[in-house]
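Peer 1: build the 3D model from these lines:
(one chain, ligands or ions: 1)
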Amino acid sequence: MSDHYEQLVEIAQALVAPGKGILAIDESSGTIKKRFDSVNVENIEANRLDYRSMMLTAPGLGEHISGAILFDETIRQSLPDGTPLVKLMEQAGILPGIKVDAGAKPLAGFEGEKVTEGLDGLRERLAEYAKLGAKFAKWRAVITIGEDIPSRACIDANAHALARYAALCQEAGIVPIVEPEVLMDGNHDLDTSFDVTEATLKALFAQLYDQNVMLEGTVLKASMVISGSEASDRAGVEDVAEATVDCLLNAVPAATAGVVFLSGGQGDVEATAHLDAMNKMGDMPWPLSFSYGRALQAGCLKTWAADPKGNREKAQKVLLHRARMNGLAALGEWSEEEEDA
Ligand code: 5MM
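Peer 2: Below you'll find the predicted structure:
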């Protein structure tokens, strides 16, 4: 049992508090470049700070956002007036989180598959992040669906690394978010997505159990069970919601503090509708909420990029709207009328 039991449980429960979810703004250097390139913004530190601090200072964001996942650069940044972003988040009631993985790299011997690296030196990095104010962390593994993949070796290597990361986080008093993302890329059907997600989650929880990770102080960041993005006959909202909940019920122990979804390339309203449909299905063993990156940021980024100074408040409103919609979906109280209001 972790020395930090109560602290971890409290943080984990706060992350999935009713009607709240997580804002993922932990894009690594390569990913934020792609996002900025798409809206013609130069990828320099000043712009990254301006963009991310614009989101974190959106008035009232803490009503729907429990925590934000930061990148290493961001957790060390301050506003031009000297206020550290972490302090500003604390004042806004938003828990600071940190991405600690070093990215998904090719898995030797398994073409087309990846394993996430970053365990070397992780104990020391976590101790530093805890001093900087991080209350939770995130590690993302990537599972690809394709011809004859994923392999058992890929699923097991990633589950093992996720559990080692989670155990180190809890030792440091930091809540681990474990994210085994089954990618939406490809033309696979809903059943294939179900089978791969179920196998991945079962392997992950077996490893978490073997490595003494305390589930009450752990949050799962899951991908939804969804048709491949290039599938010809993609499943509708109700089917996705039912398949996802069935899969989670099969594989996720009730002791887990909560489940938050990634959006994985879904449209922003689509991601909200899926989450809402799941929560409308009734009581679950764990809270079901969101930890969206693109599905929270897409409209906000576009609005801000059109005129970073002039559109600051407008972009914040766009973000607040999506945060509120997803907060409603986390309660199963979202509707298209709310969306259009
Ligand atoms: C915000 O994007 C995160 C960082 O990705 P990279 O390490 O590839 O730069 C990403 O891990 C994100 O937290 C999750 O994938 C969820 O984001 P989406 O956009 O899928 O909701």
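Peer 1: what pLDDT does the model give the residue of the stretch 51-200 of the chain found nearest the ligand?
Peer 2: Closest contact between the stretch 51-200 of the chain and the ligand, by C-beta to the nearest ligand atom, is at residue 140 (4.4 Å). Every residue, glycine included, has its C-beta placed from N, CA and C. Confidence at residue 140, expressed as pLDDT, is 98.
Peer 1: is it bridged to anything, and to what?
Peer 2: residue 179 (DSSP bridges).
Peer 1: I'd like the average pLDDT over the strand or helix carrying residue 329.
Peer 2: Per DSSP states H and E: residue 329 is located in helix 312-331. Per-residue pLDDT values across helix 312-331 average out to 98.
Peer 1: packing partners for whatever helix or strand comes next after that helix?
Peer 2: Per DSSP H and E, helix 312-331 leads on to helix 336-340 as the next helix or strand towards the C-terminus. For helix 336-340, the contact count by 3 or more C-beta pairs under 8 Å, 6 or more residues apart in numbering; DSSP states H and E identifies helix 312-331 as packing neighbours.
Peer 1: show me what the helix it packs on is packed against.
Peer 2: strand 21-24, helix 45-56, helix 268-280, strand 288-292, helix 294-306, helix 336-340.
Peer 1: which is the next helix or strand following the second one?
Peer 2: Put plainly, it is helix 45-56. strand 65-70.
Peer 1: average pLDDT for that next one?
Peer 2: Here the average pLDDT along strand 65-70 is 99.
Peer 1: please name the strands paired to it in the sheet, noting orientation.
Peer 2: Sheet partners by DSSP bridges: for strand 65-70, these are strand 21-24 (parallel), strand 95-99 (parallel).
Peer 1: switch the ones you listed over to TSV; also include mean neighbour count and distance to residue 195.
Peer 2: Shown next, in TSV, are those (neighbours: other C-beta atoms under 10 Å; distance: least, C-beta to C-beta, whole Å):
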stretch	mean neighbour count	distance to residue 195
strand 21-24	29	26
strand 95-99	26	28
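Peer 1: next, format the ones you listed as JSON lines and append distance to the ligand and mean pLDDT.
Peer 2: Output for the strands paired with strand 65-70, formatted as JSON lines (distance: least, C-beta to the nearest ligand atom, whole Å; pLDDT from 0 to 100):
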{"stretch": "strand 21-24", "distance to the ligand": "3", "mean pLDDT": "99"}
{"stretch": "strand 95-99", "distance to the ligand": "6", "mean pLDDT": "98"}
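Peer 1: now the ones you listed as CSV including distance to residue 56?
Peer 2: Formatted as CSV, the strands paired with strand 65-70 follow (distance: least, C-beta to C-beta, whole Å):
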stretch, distance to residue 56
strand 21-24, 8
strand 95-99, 10
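Peer 1: can you list the residue ranges for strands in the stretch 151-300 of the chain?
Peer 2: Along the stretch 151-300 of the chain, the stretches classed as strands by DSSP state E, counting those that start in this stretch are 175-182, 219-222, 258-261, 288-292.
Peer 1: correction: the previous question concerned the stretch 1-150 of the chain.
Peer 2: Going by DSSP E, counting those that start in this stretch, the stretch 1-150 of the chain shows strands at 21-24, 65-70, 95-99, 104-106, 114-116, 136-143.
Peer 1: other SSEs contacting the last one?
Peer 2: Meaning strand 136-143. Judged by 3+ C-beta pairs under 8 Å, 6+ apart, strand 136-143 is in contact with helix 5-15, strand 65-70, strand 95-99, strand 104-106, strand 114-116, helix 152-171, strand 175-182, strand 219-222.
Peer 1: quick check: the residue of the stretch 51-200 of the chain closest to the ligand touching residue 176?
Peer 2: No - applying C-beta atoms under 8 Å, one finds residue 140 not in contact with residue 176, separated by 11.7 Å.
Peer 1: TSV for the strands of the stretch 1-150 of the chain, including distance to residue 208?
Peer 2: Listed next are the strands of the stretch 1-150 of the chain as TSV, based on distance: least, C-beta to C-beta, whole Å:
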stretch	distance to residue 208
strand 21-24	20
strand 65-70	20
strand 95-99	19
strand 104-106	19
strand 114-116	15
strand 136-143	12
